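Peer 1: here's my sequence, what's the structure:
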Amino acid sequence: MTDENEIVVLEKAPQVAFCFLKKLRVTPFVKPNGRVAFKVKGDVAGVLAELASNPEVPLLDYLNRLDTVRSLIFTLKDAR
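Peer 2: As a prediction, the model looks like this:
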């Protein structure tokens, strides 16, 4: 497990959406190569391990988080 204060950089929207759903702190940013990534703070390893176990989650809640993540990606890409 990671330290609760550790920051991990993720690029995959489904992973970021699940972290967001699990109430981890998610901050988007643009990498030097122009790709949008997310700094995720908290127990990222634990949350990603949970995701890998194929948990039951409220589908609409997850899809709403995924839409939010995708919107952030497009907003940051357009802002360049």
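Peer 1: name the element Glu56 belongs to?
Peer 2: If you go by DSSP states H and E, Glu56 is not part of any helix or strand.
Peer 1: which phi and psi does it have?
Peer 2: phi -80, psi 130 (degrees, to the nearest 10).
Peer 1: give the contact list for it.
Peer 2: If a contact means C-beta atoms under 8 Å, 6 or more residues apart in numbering, then Glu56 has no contacts. C-beta here means a position set from N, CA and C on the backbone, and glycine is covered the same way.
Peer 1: I'd like to know how far the most centrally placed residue in the chain sits from Val40.
Peer 2: What sits nearest the mean C-alpha location of the chain, by C-alpha atoms, centre = their mean, is Val16, with 1.6 Å. Using C-beta to C-beta, to the nearest Å, Val16 is found at 7 Å from Val40.
Peer 1: Phe18 touches Asp61, doesn't it?
Peer 2: No: applying C-beta atoms under 8 Å as the test, Phe18 and Asp61 come out as separate, 10.5 Å apart.
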